[in-house]
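Visitor: turn this into a model:
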Amino acid sequence: MKTEELKSRIKELSDYFVRQIIEGNYQVIKKESIYIIIEINDYSFTFWFGYGEDHFRCVEIEASHPNFMYLQFDDKEIKKTVRSLLVEEAADKREEEIKSLEEKLQILKSMKV
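Guide: Prediction:
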């Protein structure tokens, strides 16, 4: 297989997975405050956004969920759409953690030392 043909097929496969995310055809495996692991057709992908949405990228964090491939985002609008969808999914987890920490802080404040 020639290099150009191989590059074309990789791009086609990447575009397929990006479309699946945009269409909501994925299952959330794990939500954390700084990353989310999703699965599409039995293939795992991890997206990290630890320093905010501008730092969003496909990475490998957990050995138990290796990325099938690193998705390529060529179009800014597509990247923005995918980022928004996945960050929104994980935002619930982040809000949950904030609420829990605020409750713990209130308990600590109410304790007399």
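Visitor: I'd like the average pLDDT over stretch 13-27.
Guide: Taken as a whole, stretch 13-27 has an average pLDDT of 88.
Visitor: got it, and stretch 99-106?
Guide: Taken as a whole, stretch 99-106 carries a mean pLDDT of 86.
Visitor: next one: stretch 47-59
Guide: So the average pLDDT for stretch 47-59 ends up being 71.
Visitor: just use 56 as the starting number from now, easier for me
Guide: Noted, 56 is the first residue going forward, which turns the last one into stretch 102-114.
Visitor: how long is that stretch end to end?
Guide: Using CA to CA, to the nearest Å, one end of stretch 102-114 lies 6 Å from the other.
Visitor: for the protein, which segments are assigned as helices?
Guide: Assigned helices in the chain, in chain order: 58-77, 131-165 (criterion: DSSP state H).
Visitor: could I get these as TSV with distance to Ile93?
Guide: The way it works is simple: take the backbone N, C-alpha and C, and place the C-beta from them, glycine included. What follows is those, written out as TSV (distance: least, CB to CB, whole Å):
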stretch	distance to Ile93
helix 58-77	7
helix 131-165	7
